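A.B. asks: Fold the stuff below for me.
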Amino acid sequence: MHAFALTYRPKTLDEIVGQPHLLSPESAFRRLIQTQKLSHTLLYGPPGSGKTTLARVIAKLWDIPFYEMNATSLKIESLREIFKTYHNTLERPLIFIDEIHRLSKTQQEVLLPFMEQQRAILFGASTENPYYTLTPAIRSRSHLFELKSLSTSAMRQALQRVLTRESITLEREVEAYLIQSSGGDVRAMLNLLESASSLTPTVTLSLLQEIRPTAMQAGSASATSHYDLTSAMIKSIRGSDIDASLYYLAQLIHGGEPAEFIARRLAILASEDIGNANPPALNLASSTLTIVKQIGYPEARIPLSQLVIYLASSPKSNSAYQAINDALKRLEAGEILPPPPHLTTDTTSYRYPHAYGGWVEQSYLLSPLQLYQTQKIGFEKTLWQWHQKITKKS
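C.D. replies: Next comes the predicted model:
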């Protein structure tokens, strides 16, 4: 029995299923591919959504040298040898790095000059969002494209192609389990089919369930993407629903979502949605992010659960989030205010607050601004009372 996932890997853009936002005839991404104008690219999305396949198809379509590497075993010297090979040629290879989020910062920095000089075209693939896992320098030199978890219809389309060529007939309930238990991962679906069909010419539901007792995305019969589950968890915490928050956390853990990714998202929420209403929330989130890196699963589920319960139970305020957004919008609109002369380094007119009992009235902006709007929720109310007392305002 040959490997279905490899044998039936798509060879053309039209054979790739489930990514119409990227590969429809009118999409910018497809037009960039067809005109060979696509430069350094980062592809991110769930396992089995077609990232590696897409890179291979593009290299074949462009008819250029293709080097496939994995960040977990990548050696910088190997990269340098490739760049050296094409140094004095007009040909540019396509270098594909799977799991690119696992590259160290040093390894990422080695890539920068070659990307800048366009000595090769770099494609990276990741199951994690590059906005959180790669350096700004890498991201600024690349296009970022997200591949979605495959829908039920896309999974069925890929499955039917294999069933037809292999002359395999399945009962409807068997086909449904193959699709629904694979969580949008075509590779996982075909691997399950191959294992089952190698044991018997008649694949049954009980056989599939014996090989894969639980779905790859816990409780997600419609193959909900991990991005949607993360969003649901965040919104549930923001809405202070502890049980819903824990349920979506459990789905993410059961579905194989990295503990570090979950902890990073929770740390952002602790600042964005709770902020100074309960400042220790950010400290607990930071500690959780540190500890899950050290212990990993299965134990990481415990501090993640503790953090989710704490965040969902905390008072909520987005005052800090709104304030910095307002400040940045003003700057982007051209509202640039230099510091008043008495705040610059070469000044004798600055009033040192400690010489006046901790506070003295003086201007800190050339024109008054009001960016911060306290919601007086939780500890934020106490902070505001402190501030009012310090500045002698009623």
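
A.B. asks: looking only at pLDDT, what's the mean for the helix or strand hosting Leu383?
C.D. replies: Applying DSSP states H and E as the criterion places Leu383 in helix 379-390. When pLDDT is averaged over helix 379-390, the result is 92.

A.B. asks: So which residues make contact with it?
C.D. replies: For helix 379-390, contacts defined as CB atoms under 8 Å, 6 or more residues apart in numbering pick out 275-279, 315, 317, 319, 358-359, 374, 376, 394. Just so you know, the C-beta spots here come from the backbone N, C-alpha and C atoms, and that holds for glycine as well.

A.B. asks: ok, and for it, which residues are buried?
C.D. replies: Neighbour counts over helix 379-390 (16 or more other CB atoms under 10 Å) mark 379-381, 383-384 as buried.

A.B. asks: and if you look at stretch 132-150?
C.D. replies: The neighbour-count check on stretch 132-150 (16+ other CB under 10 Å) flags 133-134, 138, 141-142, 145-150 as buried.

A.B. asks: do the same with stretch 175-193
C.D. replies: Buried residues in stretch 175-193, counted by 16+ other CB under 10 Å: 175, 177-193.

A.B. asks: ok, now stretch 75-82?
C.D. replies: Those would be 79, 82, for stretch 75-82 by 16+ other CB under 10 Å.

A.B. asks: At which residues are the helices of the stretch 151-300 of the chain located?
C.D. replies: Applying DSSP state H, counting those that start in this stretch to the stretch 151-300 of the chain gives helices spanning 152-166, 172-180, 186-197, 205-211, 226-238, 242-254, 259-269, 280-295.

A.B. asks: can I get those helices in a markdown table with distance to Tyr86?
C.D. replies: Listed next are the helices of the stretch 151-300 of the chain as a markdown table, based on distance: least, CB to CB, whole Å:
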| stretch | distance to Tyr86 |
| --- | --- |
| helix 152-166 | 35 |
| helix 172-180 | 43 |
| helix 186-197 | 31 |
| helix 205-211 | 45 |
| helix 226-238 | 36 |
| helix 242-254 | 42 |
| helix 259-269 | 35 |
| helix 280-295 | 38 |
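
A.B. asks: Could you dump these into a markdown table and include mean pLDDT and distance to Leu61?
C.D. replies: Below are the helices of the stretch 151-300 of the chain laid out as a markdown table (pLDDT from 0 to 100; distance: least, CB to CB, whole Å):
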| stretch | mean pLDDT | distance to Leu61 |
| --- | --- | --- |
| helix 152-166 | 90 | 20 |
| helix 172-180 | 88 | 29 |
| helix 186-197 | 91 | 20 |
| helix 205-211 | 91 | 36 |
| helix 226-238 | 88 | 28 |
| helix 242-254 | 91 | 36 |
| helix 259-269 | 92 | 32 |
| helix 280-295 | 95 | 40 |
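
A.B. asks: give me the element the closest residue in space to Ser240 that isn't next to it in sequence is part of.
C.D. replies: Spatial nearest neighbour of Ser240, chain neighbours left out: Ala312 (5.5 Å); criterion: CB to CB, 6 or more residues apart in numbering. Here Ala312 sits within helix 301-313, counting by DSSP H and E.

A.B. asks: Does anything pack onto that helix? Which helices or strands?
C.D. replies: helix 226-238, helix 242-254, helix 259-269, helix 280-295 (3 or more CB pairs under 8 Å, 6 or more residues apart in numbering; DSSP states H and E).

A.B. asks: quick one on the thing from earlier: how about the residue nearest to Ser240, what does it touch?
C.D. replies: Here Ala312 is in contact with 236-237, 240-242, 245 (CB under 8 Å, 6+ apart).

A.B. asks: just the buried members of those?
C.D. replies: For the contacts of Ala312, a burial check counting by 16+ other CB under 10 Å picks out 236-237, 245.

A.B. asks: before we move on, the earlier item: out of the helices and strands packed on helix 301-313, the one nearest Glu116 is which?
C.D. replies: Smallest distance to Glu116 across these (CB to CB): 28.3 Å, for helix 259-269.

A.B. asks: Pro47: which element?
C.D. replies: Here Pro47 is assigned to no helix or strand, by DSSP H and E.

A.B. asks: How many neighbouring residues does it have?
C.D. replies: 16 (other CB atoms under 10 Å).
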